[in-house]
Structure formats: C-alpha cells, structure tokens
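Okay, predicted coordinates and the sequence, questions at the end:
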Amino acid sequence: MTNESRSEIAPEITRLKGRTVLMSGGSRGIGLAIALAAAKAGANVVLLSKTDKPHPSLEGTIHTAVEQINAAGGHGLAVAGDVREDADVQRAVDAAVEKFGGIDIVINNASAINLAKTDDLDMKRYDLMQDINVRGTFLLSKTALPYLRKSSHAHILTLSPPLNLDPHWAGLHLGYTMAKYGMSLTTLGLAEELKDEGVAVNSLWPATLIDTAAIRAMPGGMKMIQAARTTDIVADAAMCILASDPQGVSGNFFTDVQVLEGCGISDLEKYAVNPQAELIEDIFL
C-alpha cells in the first residue's frame, strides 16, 4: 500500500447492481471470472477484447464470455478491439455509455507475458508487453475518466503487482517486470491525481499461482496447477474491493488473500485446485 492509501474494505454487493464495468480482455481466465462475479451481482459488463474468433488451443471468445455474463444475471456487451489502439478504446467507452448510460468501474485486465531473459527477449515481444500492459492500462483509464468522474461509485482496478523494488524481480525477467510495474505505477499516480475526485484506484494481485489456460499451456503446466488456486479467489477479492465505498479505499496494492481476510474470509481451502498440495507463491511477492 502507499503512504496515502485508504483501505476501508466494507463491501456491500448491492452497490454493484446496475453499475457498468468496462474491462480490457476478459474472454477467459481471471478476467472472465471477475466479469462473471460482477454479473452475478447484477452489473453491466462491457468487454474490450481481440478474441473475436476461437483460438486454436485456448477456450473462449469475447462472444462466449458475454453469453456467460448474461446467463449469470448481468448484461454483457462485446466490443471487438485492441486496447493498444486509441480508436478501439474510444469506441469501447462510447459503446458502454451509449448502451448503459455511463461507466462506473474500469478493470485493466489485459496483459501480455514473456518471462525471457534480456538476451532472449526480442524487441517485438518487449514492445507488445509495454503496449498492452502499460499503454493499454493508461489509455483505458484515461479515456474513461470523464465518465468515472460523473459516477457516484467510481473505481479503477488494475491487475498488477505491488511495487516491490527488490532487484531479484527485475533481474529475473526484466522486460516483463518493467511492463507490470508500469501498470502499478499507473495505479500509484492516478490514485494520487484523483484522490479528491471520488475515483478509487487500486491494484490487485494473486498471492499464489492461479489456474488459468495460459499456465496449463506452459511446459509442465498441468503439474503446476496442482499447486495453484482457482480464478475464483481473485474474482471474490475483486468484488470485495469494487463493492466498497470509493471514498474509503484507494491507492492500495492488494493481494487477493489480504482482501479476503479484510472481508472476514479466512478459510481459503475452497480455492485450492488440490488442497493437499503446497501452494506456489506468485511472482513479485
């Protein structure tokens, strides 16, 4: 957390009913889990994602995600586009406002990952991480700001890690660390910039490895997920933050476990893929 953070997590899930969430990505994984949790709370969920057509190996598209959102009790809207492109982001914001009358919550979920060492990281992949992670987070937040300022329940939530300046993380995968910390710096700066405007700005990061399709697709991924938690833990933590009064919670770099404990949830075994396995801590912590 920052020195000026406010962390009075006091969720009232009814606060999310009828609210409009704009999320980057969200067709699968953690983003989809958060979108479905918001839908169950009665929210409108607008997804900006490139996954317009089925992936050859990964399940889910922006359209199947919206079908699940609607089935869960929310109202979904798919906007096929790229968070790196100014026009696509503006189109998503405009579509959310036209369809639902405004924007209350922005979730910066889209992210690219490459854990290569510096010698092995080609600049095309470096640029991709910088453009999606840093530029995309900044651009989506910036473009939605005029409408967030009009909301009585305004939140920006970014899926990025605490700003841990231990050299270990930079040395482990410099390109990726720079890109994720760029997202976290956006949280740090916007929370300070907007502290008197009623817009809460926070980051959320899993304390352990999370079972996602991306992890499963990695070499040894099916073994790794036995020591992981499900995406539900991040989704439930996100709901605790987003259902809290924006005036009481901003400028924080939360972990999912920290948030759930603050919400009075201490038994986390239900989130374990294999309760008998020793959990793998996530990177950056």
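Structure's in. What do you need?

remind me which residues of the stretch 1-150 of the chain are low pLDDT?
Scanning the stretch 1-150 of the chain for pLDDT under 70 picks out 1-4, 7, 10.

ok, which stretches of it are strands?
6-7, 20-24, 44-49, 75-80, 105-108 (DSSP state E, counting those that start in this stretch).

contacting residues around the second one?
With contacts defined as C-beta atoms under 8 Å, 6 or more residues apart in numbering, strand 20-24 is touched by 31, 34-35, 38, 43-49, 83, 92-93, 96, 100-110, 136-137, 140, 144, 242. C-beta coordinates here come from the backbone N, C-alpha and C atoms, glycine included.

One more: the fourth one?
Here strand 75-80 makes contact (C-beta under 8 Å, 6+ apart) with 35, 39, 43-50, 52, 62-63, 65-70, 88, 91-92, 95-96, 99-100.

If you compare the directions of it and strand 44-49, what angle comes out?
20 degrees (axes from the mean of the first three to the mean of the last three C-alpha atoms, to 10 degrees).

let's number from 53 now, not from 1
Right, with 53 as the first residue, what we last looked at is strand 127-132.

Dump strand 127-132 to PDB, keeping only the CA atoms.
C-alpha atoms of strand 127-132 as PDB (Å, rounded to 0.1, in the frame of the first residue of the first chain):
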ATOM      1  CA  HIS A 127     -25.900  -7.600 -19.000                       C
ATOM      2  CA  GLY A 128     -22.900  -8.100 -21.300                       C
ATOM      3  CA  LEU A 129     -21.600  -6.200 -24.300                       C
ATOM      4  CA  ALA A 130     -18.800  -7.300 -26.600                       C
ATOM      5  CA  VAL A 131     -16.600  -4.700 -28.300                       C
ATOM      6  CA  ALA A 132     -14.000  -6.400 -30.500                       C
END
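
what distance separates that strand from the middle of the whole chain?
Its chain's C-alpha centre lies 17 Å from the corresponding centre of strand 127-132 when counted by C-alpha atoms, centre = their mean, to the nearest Å.

same thing with the third one?
Strand 96-101 has its C-alpha centroid displaced from the chain centroid by 12 Å (C-alpha atoms, centre = their mean).

Test of understanding: give the bridge partners of the nearest residue to His115 once chain neighbours are set aside.
Excluding its sequence neighbours, the residue lying closest to His115 (C-beta to C-beta, 6 or more residues apart in numbering) is Ala130, at 5.6 Å. Ala130 has the following beta-bridge partners by DSSP bridges: Leu99.

and Ala130, how many neighbours?
Residues near Ala130, counting by other C-beta atoms under 10 Å, number 24.

ok so, going back, are any of the contacts of strand 72-76 buried, and if so which?
Among these, the ones that count as buried by 16 or more other C-beta atoms under 10 Å are 83, 86-87, 90, 95-101, 135, 144-145, 148, 152, 154-162, 188-189, 192, 196, 294.

which ones among the contacts of strand 127-132 are found in helices?
87, 91, 114-115, 117-122, 140, 143-144, 147-148, 151-152 (DSSP state H).

Let me have the strands of the stretch 53-202 of the chain in a markdown table, adding distance to Glu321 as columns.
Below are the strands of the stretch 53-202 of the chain laid out as a markdown table (distance: least, C-beta to C-beta, whole Å):
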| stretch | distance to Glu321 |
| --- | --- |
| strand 58-59 | 25 |
| strand 72-76 | 28 |
| strand 96-101 | 29 |
| strand 127-132 | 31 |
| strand 157-160 | 27 |
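
Can you tell me how far the residue of the chain most remote from its centre is from Phe336?
Taking C-alpha atoms, centre = their mean, the residue of the chain most remote from its mean C-alpha position is Asp171, at 29.4 Å. Per C-beta to C-beta, to the nearest Å, Asp171 is found 22 Å from Phe336.

Also Val97?
27 Å.

Please apply the same query to Leu100.
25 Å.

same thing with Ala196?
26 Å.

Next, the buried residues of stretch 234-252.
In stretch 234-252, the ones that count as buried by 16+ other C-beta under 10 Å are 234-240, 242-243, 246-247, 250-252.

Which of these fall in helices?
Reading helices off those with DSSP H, I get Gly234, Met235, Ser236, Leu237, Thr238, Thr239, Leu240, Leu242, Ala243.

Contact partners for the fifth one?
Read that as Thr238. Asn160, Val186, Thr189, Phe190, Ser193, Thr210, Ser212.
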